[in-house]
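Enquirer: predicted coordinates and the sequence they were generated for:
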Amino acid sequence: MASKETINVETSIDKSVEKVWEFWTKPEHITKWNHASEDWLCPSAENDLKEDGKFVYRMEAKDGSFGFDFSGVYKEVKPKKKLVYEIEDGRMVTVIFSEEDNSTTIKQTFEPEDENSKEMQQEGWQSILNTFKKYAEDQN
């Protein structure tokens, strides 16, 4: 069972919160940024963006050696402000969106799992956030 400790990651994106929210929540965008490294991909994403709505993101190594579904249920949805969801293993994640001067900061707080080091988990989640930032800033 995961502890109630939390890990935080964050980034700032030079886009409005409207655009950041769209890129974060729409499946056609999620599949383009949701990976921690270039040797992984997200071939499919389903996102029922409402309280008690479910999401499923398929994660796969590009070489086909490994894959898994990352899924959960939304507990709170405040458009362009906040998402709270429970991952299928019972851990909680909170994502806060805040805008200032046409720049949006995303802060993610999540409960770590017990299998991998906290440092590795923080690096992995931060890497996905960095990939999101690059994707979002490259969009028109």
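Expert: The structure has been received and is ready for your questions.

Enquirer: counting neighbours, which bits of the strand of greatest length in the chain end up buried?
Expert: Determined from DSSP state E, the single longest strand within the chain is strand 67-78. Within strand 67-78, the residues that count as buried by 16 or more other Cβ atoms under 10 Å are Gly72, Tyr74, Val77. Heads up, the C-betas are built off the backbone N, CA and C, glycines and all.

Enquirer: need these in JSON lines (columns: distance to Ala61).
Expert: Below are the buried residues of strand 67-78 laid out as JSON lines (distance: Cβ to Cβ, whole Å):
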{"residue": "Gly72", "distance to Ala61": "21"}
{"residue": "Tyr74", "distance to Ala61": "27"}
{"residue": "Val77", "distance to Ala61": "31"}
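
Enquirer: tell me where the chain has strands.
Expert: With DSSP E as the criterion, the chain has strands at 7-13, 40-47, 54-61, 67-78, 82-87, 92-100, 103-110.

Enquirer: between those strands, which gets nearest to Gln126?
Expert: strand 7-13 (4.4 Å; Cβ to Cβ).

Enquirer: got the buried residues for that closest one?
Expert: In strand 7-13, counting by 16+ other Cβ under 10 Å, buried: Val9, Thr11, Ile13.

Enquirer: and if you look at stretch 14-25?
Expert: Neighbour-count burial for stretch 14-25 [16+ other Cβ under 10 Å]: Lys15, Val17, Lys19, Val20, Trp21, Glu22, Phe23, Trp24, Thr25.

Enquirer: tell me the spacing between the nearest residue to Asp52 once chain neighbours are set aside and Glu115.
Expert: In space, and not counting its chain neighbours, Asp52 is closest to Val73: 6.3 Å by Cβ to Cβ, 6 or more residues apart in numbering. Using Cβ to Cβ, to the nearest Å, Val73 is found at 22 Å from Glu115.
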